[in-house]
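A.B. asks: please work out how this folds:
(one chain, ligands or ions: 2)
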Amino acid sequence: MNILVVGGGGREHAIIKKLKENPQAETIYALPGSGGAAQDAVCVPEIGAKDIDRIVDFARSHAVDFAVVAPDDPLALGCVDRLHEAGIPCFGPEAKAARIESSKVFAKNLMKKYGIPTARCEVFSDSAEALAYLKTASFPIVIKADGLALGKGVLIPQSLAGAEAAVKSIMEDKAFGDSGNQIVIEEFLTGPEVSVLAFTDGRSIVPMASSMDHKRAGDGDAGPNTGGMGTIAPNPCYTPAIAAECMETIFLPTLAAMRAEGCPFKGCLYFGLMLTPDGPKVIEYNCRFGDPETQVVLPLLKTDLLTIMQAVENETLGELQVEWRGGAAACVVLASGGYPGSYEKGKAITIPQDLPANVTVYHAGDAAAEDGGLVTSGGRVLGVTAVGETLEAALETAYAAAERIHFDGKYFRHDIGRRALNEIERQALRAAEV
Ligand code: AMP
Ligand code: GLY
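C.D. replies: Numbers count the residues shown, from 1 in each chain. Ligands and ions are numbered 1, 2, ... in the order given. You can find the predicted model right below:
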């Protein structure tokens with residue numbers, strides 16, 4: 001089988017590596033892929049993930065049998081719709097269903113209409129009305145641009161003055177472009193955050209191992225927001241009781257709501273949850289695998305990924321038994337100095353050949369150098385994942401490997417998983433008390 005993966009980050013590399021485990025997978029193409037992913041796939045750096053016309057032409061001319069569209073932009077632009085029109089089976093939602101991520105207003109209205117627990121909110125398309133509303137609000141408050149904004153469209157001002165400035169910057173100065181034509185202003189929730197990625201064919205849903213992202217650039221959650229500096233799975237805050245509650249109050253109702261709206265969701269649906277004192281609530285939906293969540297979730301998957309993805313496309317997911325290995329996984333992202341602000345590129349990367357077998361290096365922001373090696377080309381350069389019997393073991397192995405990989409300006413967080421380890425300890429103490 002010829003398989004096509006659209007995208008070029010660490011998430012896509014993790015998907016490619018997993019697909020490769022199926023002996024039926026002959027050639028895997030990655031558009032654009034990355035320097036390091038070329039070890040596992042035929043990368044085509046000239047074709048970007050948003051070049052829908054060229055992606056469809058490529059799939060046709062290279063006899064692609066199955067395509068996986070991983071990033072949000074091509075999904076929102078209708079890449080899956082176009083590949084389907086060309087007769088190519090795909091994993092990923094069509095544009096109508098991708099609105100669950102590409103329009104926060106769509107997602108919030110869906111949750112409101114179908115009683116899915118989320119933060120109370122108001123939607124505004126006029127800045128004067130939004131500013132008037134703020135005068136009656138309490139702080140902190142959460143202000144979100146409607147559309148895709150590279151994960152940066154969420155502001156949490158602590159005061160009225162800060163909130164007014166945020167509304168003006170999004171709606172009047174268009175800090176996130178047209179994404180800010182409409183905004184959502186919502187109540188500030190508190191509690192641990194959990195990411196749950198789930199396979200769904202629109203009717204059946206199979207949640208994957210839960211995970212925890214670390215979005216801030218610096219240790220102790222200091223510094224600016226990033227695309228994600230590291231992840232662990234499973235997330236210890238997500239207990240079996242909470243998982244059962246989420247299935248009942250959030251996952252199944254979301255699937256039913258999307259069907260009722262005429263846009264059944266097929267693909268990977270990502271639930272960004274907050275475990276509030278009033279129960280689990282949806283912070284956001286994503287219409288795709290998370291990055292770097294995928295780099296810890298897929299290594300724990302025992303069942304063949306291609307088989308699952310085909311079952312999603314054929315709407316036979318309910319007939320499949322999806323299995324997970326025990327233990328835990330941790331991913332430490334190695335970033336370019338300066339990220340998420342500006343950073344230098346073109347730094348030579350050295351990765352030892354003798355990393356332990358339970359370590360996988362996922363390539364995200366690198367490119368092939370003229371001498372055949374790899375150089376940095378992006379902010380998040382590599383994701384170093386380790387699996388282990390315990391989270392502690394996985395973290396120790398991932399960090400030991402991260403230390404041995406070099407490029408000028410390399411930086412990473414030193415506290416990935418610390419909050420999760422504290423939670424595991426707290427639960428153990430509590431169990432010992434009872
Ligand atoms: P999002 O882009 O929707 O994932 O939001 C980015 C981050 O903002 C989330 O991971 C949360 O940490 C935070 N956030 C979003 N909405 C809320 C909310 N209603 N209350 C508290 N924090 C929030
Ligand atoms: N890691 C968060 C995301 O993929 O949106």
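A.B. asks: mind checking how far the residue lying closest to Met258 once chain neighbours are set aside is from ligand 1?
C.D. replies: Using C-beta to C-beta, 6 or more residues apart in numbering and skipping residues adjacent in sequence, the residue nearest Met258 is Phe265, 4.6 Å away. Using the backbone N, CA and C atoms, a C-beta is placed for each residue, glycine as well. Distance, Phe265 to ligand 1, using C-beta to the nearest ligand atom, to the nearest Å: 18 Å.
A.B. asks: and Ala128, what does it touch?
C.D. replies: Listed by C-beta atoms under 8 Å, 6 or more residues apart in numbering, Ala128 has no contact partners.
A.B. asks: any idea how far the helix or strand that contains it is from the middle of the chain?
C.D. replies: Using DSSP states H and E, Ala128 sits within helix 127-134. Taking C-alpha atoms, centre = their mean, to the nearest Å, one finds helix 127-134 lying 32 Å from the centre of the chain it belongs to.
A.B. asks: check stretch 51-60 too.
C.D. replies: 24 Å.
A.B. asks: spell out which residues of the chain are next to ligand 1.
C.D. replies: Ala119, Val142, Gly151, Val154, Glu186, Phe188, Leu189, Glu193, Lys215, Gly272, Ile283, Glu284 (C-beta under 6 Å from any ligand atom).
A.B. asks: can you give me the angle the helix or strand hosting Glu164 makes with helix 127-134?
C.D. replies: Using DSSP H and E, Glu164 maps to helix 160-167. With axes from the mean of the first three to the mean of the last three C-alpha atoms, to 10 degrees as the basis, helix 160-167 and helix 127-134 are set at 150 degrees to each other.
A.B. asks: for helix 160-167, what is the distance to the chain centroid?
C.D. replies: Counting by C-alpha atoms, centre = their mean, helix 160-167 comes out at 29 Å from the chain centroid.
A.B. asks: show me what it is packed up against.
C.D. replies: helix 127-134, strand 141-145 (3 or more C-beta pairs under 8 Å, 6 or more residues apart in numbering; DSSP states H and E).
A.B. asks: hmm, 6 Å instead?
C.D. replies: helix 127-134 (3 or more C-beta pairs under 6 Å, 6 or more residues apart in numbering; DSSP states H and E).
A.B. asks: I'd guess the residue nearest to Met258 is in a helix, am I close?
C.D. replies: No. Using DSSP: H, G, I helix; E, B strand; the rest coil, the secondary structure at Phe265 is coil, not a helix.
A.B. asks: what does it show for phi and psi?
C.D. replies: phi -90, psi 120 (degrees, to the nearest 10).
A.B. asks: ok, residues contacting the helix or strand of the chain with the lowest mean pLDDT?
C.D. replies: Among the helical and strand segments of the chain, the one scoring lowest on mean pLDDT, DSSP states H and E is strand 154-155, with a mean of 87. Applying C-beta atoms under 6 Å, 6 or more residues apart in numbering, the external contacts of strand 154-155 come out as Ile143, Lys144, Ala166.
A.B. asks: and the strands in the stretch 251-400 of the chain?
C.D. replies: Counting by DSSP state E, counting those that start in this stretch, the stretch 251-400 of the chain has these strands, from start to end: 267-276, 279-286, 328-335, 348-349, 359-363, 366-368, 374-376, 380-388.
A.B. asks: Ile205 contacts Pro253, doesn't it?
C.D. replies: No. Applying C-beta atoms under 6 Å as the test, Ile205 and Pro253 come out as separate, 10.8 Å apart.
A.B. asks: all helices for the stretch 1-150 of the chain, in order.
C.D. replies: 10-19, 52-61, 72-76, 79-85, 95-102, 104-114, 127-134 (DSSP state H, counting those that start in this stretch).
A.B. asks: deepest in the core, which of those helices is it.
C.D. replies: Neighbour counts (mean count of other C-beta atoms under 10 Å) averaged over each of these peak at helix 10-19, with a mean of 27.
A.B. asks: find the residue at the geometric middle of the chain.
C.D. replies: Gly290 (1.3 Å; C-alpha atoms, centre = their mean).
A.B. asks: for ligand 2, what's the nearest residue on the stretch 251-400 of the chain?
C.D. replies: Gly290 (3.5 Å; C-beta to the nearest ligand atom).
A.B. asks: contacting residues around Asp366?
C.D. replies: Ser34, Gly35, Gly36, Leu374, Thr376, Ser377, Val381.
A.B. asks: what residues sit buried inside the helix or strand just after the helix holding Glu164?
C.D. replies: Sequence order places strand 183-187 as the next helix or strand after helix 160-167, per DSSP H and E. Buried residues in strand 183-187, counted by 16 or more other C-beta atoms under 10 Å: Ile183, Val184, Ile185, Glu186.
A.B. asks: turn those residues into JSON lines, columns for pLDDT and distance to Ser125.
C.D. replies: Supplementary listing: these in JSON lines, determined by pLDDT from 0 to 100; distance: C-beta to C-beta, whole Å:
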{"residue": "Ile183", "pLDDT": "91", "distance to Ser125": "8"}
{"residue": "Val184", "pLDDT": "90", "distance to Ser125": "11"}
{"residue": "Ile185", "pLDDT": "95", "distance to Ser125": "12"}
{"residue": "Glu186", "pLDDT": "95", "distance to Ser125": "16"}
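A.B. asks: rewinding a little: touching ligand 2 at all, the least confident helix or strand of the chain?
C.D. replies: No. Shown here: strand 154-155 not in contact with ligand 2 (C-beta under 6 Å from any ligand atom), separated by at least 11.1 Å.
A.B. asks: any chance you could map the helices in the stretch 301-434 of the chain?
C.D. replies: Using DSSP H, counting those that start in this stretch, helices in the stretch 301-434 of the chain cover 305-314, 391-404, 418-433.
A.B. asks: how far off centre is the first one?
C.D. replies: It stands for helix 305-314. 19 Å.
A.B. asks: neighbouring contacts of it?
C.D. replies: Helix 305-314 has contacts (C-beta under 6 Å, 6+ apart) with Lys18, Leu19, Asn22, Pro89, Phe91, Phe199, Asp201, Lys266, Leu317, Leu320.
A.B. asks: farthest-apart pair in these, please.
C.D. replies: Using C-beta to C-beta, the pair of the contacts of helix 305-314 lying farthest apart is Asn22 and Lys266, separated by 19.9 Å.
A.B. asks: thinking again about what came up before, looking at the contacts of Asp366, which is nearest ligand 1?
C.D. replies: Val381 (22.6 Å).
A.B. asks: what's around the closest one, how many residues?
C.D. replies: 32 (other C-beta atoms under 10 Å).
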